[in-house]
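A.B. asks: no sequence on this one, just coordinates:
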DNA sequence: TGATTCACG
DNA sequence: GACGTACGTGAATCAG
C-alpha cells in the first residue's frame, strides 16, 4: 500500500543524536578492549525505547534514521565559511560513528545518507513528501534548524528530554511560527554553524522585526522605515549577507532521492541480527531486555576477569524512566502504604516542593517519595486551585489533597525513625523546611555530598547534572513548570498532575543516584570523608543557618545615608576634575577619561576592547593625580553601600530580626564552605571604614559575640605536610612566623627586624601557599621580576622541603588525576595535563588544594564536634568564616565558651591526624562583631 | 549574559 | 622562546 493518509513517518536525526549523547552521557567503554561505546549505547537505548513505546495505535508505520555524509555540502559552495569554526570531532566519538550505522541496520531500520547533503535536508525532503501524501511525521530531534518543518501534521520530539515540540514549542523558541523561522534565523545568524546573519541582532530582535513587517523580504525592502538608527543601518548594510544566511538555513525539501516513502515501512527487528550486535558491543542490560522482549534466549556475555577502577561493574538494573508510573497520594491510606514500603526497606528518597528557594521563608507545597527505581509518588499538600482568572489565581486550596497537618503527622515518625535512611539531594534544604513545621529528619544520606566526596573538581553536583551524567536521563526542568523572569509562578500554582511528574521524578532520580553512588563511594576510598566530614555537617549547618545573626537595621541605614552623601560629593569633584559629566561607576568610561582624555600611561585593554581600571592600576596613578584617587574612594563607598549597608538590610528576616545565610557544602572544590544569600564570609574588615559595618552585627540583650579563629592555619599545615623543620620549630616556639621567615631568608636577627622586610617575607609565605611564581610575587610586592625570583630562589634554598612538596604534589596529580588532604578528601585535577596557560593554573590549584583543603577539613571537624562540646552552655554557634567561628553567648558564660570551643578547635585534627605543629586559636569578644574579631 | 571590579580567608 | 599567571569564593554593576 502506498504511503498516505493514516500513515505515520518517524524520522530520526541520527547524527545530531549521537553528538548529543556523546556529550551528555557518561563515558563508557567496551570492557574487553576499551573501545569507547557511550554514544552507541545511548543511541541503541533510544532506538529500543522508540520500538517499545511505539506499539500503540499512534505508532509509526514508517521509520528511518538519517545521517550526515561527508563534510562538503552545497552550503559550502554558497559560503566558504559555513560551519568553518566547528571543532574537530572528539577522538572518542570517531570510532562510534560507523557503529551507529551498524546499530541502525541491526534494528532493521532504514539508514539514510546522501553525499553533499546534510541529514536535515533528507529529513526535510521526506517530511514534505509525507505531508503532501496526507500522512503524519514525527522528527526525532531537538535541532532548531529542523523547526522550520513543524506544522500541518509534522512535529518534533526531543528524545533526550522526552518532550514534544509542536507549533507552540517553535513559537516559544523563535517568537514566530515555523513558516517564518528561517527569516528569524537569517537575521539572528548562528555562531555554531557560522551563519553570519545581521550583526548585533539576536533571536529576540529578529522575531520582533519579522512580526512587525510580516516577512524578511518585506522587512529588507522597507528597512528605511525602521526607527532605531542602528538597526536600520545594520539591515541596509547587510542585506546581501542576510539573504545569503537565509539560503544557508533553508533546508532543501526537494532533493532527488532514489527511494520512496514506501521503502521505509517498519519491520520487526531480526532477533539474531540485533542480539548479535548488542552482544558484540557487550551491552548487558539492553541485550537481556531485548532478548526477553523478542522471546529469544538471553545471550551470555563473558564477564571480564577483574573489574578495574571505581566506576567498573556497578551497572545497576536499568529501569526506564516512566512518568506515567508515578502515583499521586490523595488520601491517608495511600500515604500509609508508601510509609510501610519505606519501613520495609529501611530507606526512602525524600524531596520537598516549596514556594521559593529561601528555606526560611518558603512554604511547603508537597513531598515526593521514592523507594525503588521507577517507583515514586507525589504527595500534594498546598497547591492552589486554578481559577478562570488566570492572572492572579486563587488562594483556595486545590481539591484532592490530604490536609497538611494530617500528612505531617503521618510522615513525622517515619522521617525521625532511626532505622529508616532518608535520602535526599541537598538534604539541608529539605531538613530546614521540615524543621519549620516541627518535623525532624534523621538519619540522612545526601547524593549531592556523595558526589562531592568523589567528584570535587570534576563537575558540579546539582541533581540535573548528576542525572545526565550518571543516569543518562535528563530530568524535567523546573522552568518548564514555573517559567522564568517576570511571569514566573510559584510551585503551589502548578497543577497537581503536572507537579507530580516533576516532583516524583526528582525523588526517583535521587534514589537511583544513591544506589549508583553507594558502592562507588567505597571504591573511591572516600567513604570516611563522606561519613566524617560531609554527612554530619548537614544538621550542624542547618542549626547555624536557622539561628541567624542579629543585625541592627538602624546602624546600616545611617551608614548608607552617610555613604550616599560622601559619594555625591566625590562624584561632583571627579566630574569637575574630568571637565565633563560621566558615569563614575562605568569602568569603561573611567578608562577613557584616564587613558584617552588625560593621556595617562598604563592603560591596558581587556577582551572587550575597553580599558581596564582595577584598583592597583588606579593606585599607581593616584600618587600623581587626584582623579584616580577620588575614583578609588568613590568605588570603595559604592561597594560598601550597595553590597553591604543597603543589601544587608533587605536580608533581615522580618520574623526573626536576624540575617540567615545559607552555606553551600559542595560549592568550593577544596572543601571550604561558601556562604550565599547573603554572603557573610566577606563582610569588610581590612579598612577602618569597612570594618565599621561589623558594628551592625550585634549580640542580643544580655549576650556577647565571641569570635575564635585559627592563627596561621594554612602555614602550619604547610610546615607539617612539607616537613619544614625550621617552620615547625618557629611555630612550636610561638614565634612571629613572618618575622622568623624573614630572619631565616635574609639573615636579619629577630630583634633587628624591620616592618618592610617582614612584609616581604609575609608575601612570600602567602605566595608559597598559592603556588608561587616570580611574576606573581613581583606584582604583589611591586618589585622587579628578577628581584622577586631571587627571593623565591632563596626561599627554596632555605626551605628545600617546599620545592619537593610542590614537585611531588604536581607529579601525583598528573599520575592519578587528583590530590588529597591529610584527611583523605579528594580534589580532582582534570586539567593538570593541559597545555598552555591552563597548565599553570591547574598546577597552582593542585599545590594549593591540599593546604586549603586540610584547613577546611579541620574546621569542619571542629564544627561537627561543637554542638556536643557546648551543649551545657547558653551559647549558639552562628557563623563560619573559613578559619573563624562566631558564637553568641550569655554574658556570664563567655569564658566557659572560649575554653570549651578553643579546646575543640585546637584538637580538631585528632585522633585521625597528629600534626607536627600546634594549632593555636585566638579569641575575642564584644557587643558586636567589630569588637569581637 | 559575560566581563569587571572588589569584598573576604 | 613567548605567553600570561598568584589560591579559593559571591555579589553588584555595566553594557551589549
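C.D. replies: That came through, no problem. This one's a predicted model, so the numbers in the text were calculated from it and none came from an experiment. Numbers count the residues shown, from 1 in each chain, chains lettered A, B, ... in the order given.

A.B. asks: What segments of the stretch 301-450 of chain A are helices?
C.D. replies: Here the stretch 301-450 of chain A has its helices, by DSSP state H, counting those that start in this stretch, at A:332-345, A:404-416, A:427-436, A:447-455.

A.B. asks: Can you add mean pLDDT and distance to DNA strand B and give the ones you listed back as TSV?
C.D. replies: Quick note: C-beta positions are derived from backbone N, CA and C, even for glycine. Listed next are the helices of the stretch 301-450 of chain A as TSV, based on pLDDT from 0 to 100; distance: least, C-beta to the nearest atom of the strand, whole Å:
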stretch	mean pLDDT	distance to DNA strand B
helix A:332-345	96	37
helix A:404-416	97	34
helix A:427-436	97	22
helix A:447-455	96	18
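
A.B. asks: The ones you listed into JSON lines, with extra columns for mean neighbour count?
C.D. replies: Output for those, formatted as JSON lines (neighbours: other C-beta atoms under 10 Å):
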{"stretch": "helix A:332-345", "mean neighbour count": "15"}
{"stretch": "helix A:404-416", "mean neighbour count": "16"}
{"stretch": "helix A:427-436", "mean neighbour count": "22"}
{"stretch": "helix A:447-455", "mean neighbour count": "26"}
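
A.B. asks: With respect to DNA strand C, which of those lies nearest?
C.D. replies: Smallest distance to DNA strand C across the helices of the stretch 301-450 of chain A (C-beta to the nearest atom of the strand): 11.1 Å, for helix A:447-455.

A.B. asks: which residues of the stretch 351-500 of chain A score low on pLDDT?
C.D. replies: For the stretch 351-500 of chain A, residues meeting the criterion pLDDT under 70 lie at A:388-393.

A.B. asks: and what of the stretch 651-800 of chain A?
C.D. replies: In the stretch 651-800 of chain A (pLDDT under 70), no residue qualifies.

A.B. asks: Could you rerun that using 90?
C.D. replies: In the predicted model, the stretch 651-800 of chain A carries pLDDT under 90 at residues A:771-773, A:775.

A.B. asks: that older thread, wait, which of the helices of the stretch 301-450 of chain A is closest to residue A:543?
C.D. replies: Of all these, it is helix A:427-436 that lies closest to residue A:543, at 9.0 Å by C-beta to C-beta.

A.B. asks: which helices and strands sit right next to that closest one?
C.D. replies: The contact analysis (3 or more C-beta pairs under 8 Å, 6 or more residues apart in numbering; DSSP states H and E) places helix A:427-436 against strand A:347-354, strand A:444-446, helix A:537-547.

A.B. asks: Could you export those to a markdown table, including columns for mean neighbour count?
C.D. replies: Listed next are the helices and strands packed on helix A:427-436 as a markdown table, based on neighbours: other C-beta under 10 Å:
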| stretch | mean neighbour count |
| --- | --- |
| strand A:347-354 | 25 |
| strand A:444-446 | 23 |
| helix A:537-547 | 20 |
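
A.B. asks: can you put these in a markdown table and add distance to residue A:498?
C.D. replies: Shown next, in a markdown table, are the helices and strands packed on helix A:427-436 (distance: least, C-beta to C-beta, whole Å):
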| stretch | distance to residue A:498 |
| --- | --- |
| strand A:347-354 | 12 |
| strand A:444-446 | 27 |
| helix A:537-547 | 30 |
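
A.B. asks: And those: which comes nearest DNA strand C?
C.D. replies: Here helix A:537-547 is closest among those (C-beta to the nearest atom of the strand), at 13.1 Å.

A.B. asks: Strands of the stretch 201-350 of chain A, start to end?
C.D. replies: Along the stretch 201-350 of chain A, counting by DSSP state E, counting those that start in this stretch, strands occupy A:327-328, A:347-354.

A.B. asks: what's the closest non-adjacent residue to the residue in chain A that DNA strand C sits nearest to?
C.D. replies: As assessed by C-beta to the nearest atom of the strand, DNA strand C sits closest to residue A:767 within chain A, at 2.3 Å. Distance criterion C-beta to C-beta, 6 or more residues apart in numbering; nearest residue to residue A:767, sequence neighbours excluded, is residue A:777 at 5.0 Å.

A.B. asks: ok so that neighbour is a helix residue?
C.D. replies: Yes: under DSSP: H, G, I helix; E, B strand; the rest coil, residue A:777 sits within a helix.

A.B. asks: Can you give the domain ranges for chain A?
C.D. replies: Structural domains annotated on chain A: A:8-264, A:324-386+A:393-523, A:549-659, A:714-853, as defined by automatic domain parsing.

A.B. asks: which residues does residue A:442 contact?
C.D. replies: A:415, A:416, A:418, A:422, A:539 (C-beta atoms under 8 Å, 6 or more residues apart in numbering).

A.B. asks: Let me know the closest of those to residue A:364.
C.D. replies: Closest to residue A:364, out of all of the contacts of residue A:442 and judged by C-beta to C-beta, is residue A:415, at 12.6 Å.

A.B. asks: what's the burial count for residue A:471?
C.D. replies: Neighbour count of residue A:471, defined by other C-beta atoms under 10 Å: 21.

A.B. asks: again but with residue A:212, I slipped
C.D. replies: Neighbours of residue A:212 using other C-beta under 10 Å come to 12.

A.B. asks: Wait, residue A:394 touches residue A:387, no?
C.D. replies: Yes: with contact defined as C-beta atoms under 8 Å, residue A:394 reaches residue A:387; the gap is 4.4 Å.

A.B. asks: In this structure residue A:651 contacts residue A:679, no?
C.D. replies: No: with contacts counted by C-beta under 8 Å, residue A:651 stays clear of residue A:679, the gap being 10.1 Å.

A.B. asks: Pick out whichever of those two has more residues nearby.
C.D. replies: Neighbour count, other C-beta under 10 Å: between residue A:651 and residue A:679, residue A:651 has more, with 16 against 13.

A.B. asks: Look up how far residue A:551 lies from that one.
C.D. replies: 8 Å (C-beta to C-beta, to the nearest Å).

A.B. asks: Which residues are in contact with each of the two?
C.D. replies: Contact criterion C-beta under 8 Å, 6+ apart; residues bridging residue A:651 and residue A:551 by contacting each: residue A:659.

A.B. asks: Identify the residues contacting residue A:396.
C.D. replies: A:384, A:385.

A.B. asks: what does the one 10 residues further on give?
C.D. replies: The neighbours of residue A:406, taking C-beta under 8 Å, 6+ apart as the test, are residue A:332.

A.B. asks: Now the phi/psi pair for the residue of chain A at minimum distance from DNA strand B, please.
C.D. replies: Proximity of chain A to DNA strand B (C-beta to the nearest atom of the strand) peaks at residue A:606, 2.2 Å away. Here is the backbone geometry of residue A:606 (degrees, to the nearest 10): phi -90, psi -160.

A.B. asks: Excluding covalently adjacent residues, which one is nearest to it?
C.D. replies: residue A:612 (4.6 Å).

A.B. asks: give me phi/psi at that neighbour?
C.D. replies: Residue torsions, per degrees, to the nearest 10, at residue A:612 are phi -100, psi 140.

A.B. asks: what about it, distance to residue A:590?
C.D. replies: Residue A:612 is 10 Å from residue A:590, by C-beta to C-beta.

A.B. asks: between the two, who's got more neighbours?
C.D. replies: residue A:590 (24 against 15).

A.B. asks: On the C-terminal side of the helix or strand hosting residue A:814, identify the next helix or strand.
C.D. replies: If you go by DSSP states H and E, residue A:814 is part of helix A:800-816. Moving toward the C-terminus from helix A:800-816, the next helix or strand (DSSP H and E) is strand A:818-820.

A.B. asks: Averaged pLDDT, that following strand. What do you get?
C.D. replies: Averaged over strand A:818-820, pLDDT sits at 96.

A.B. asks: Kindly report the same for stretch A:840-850.
C.D. replies: 94.
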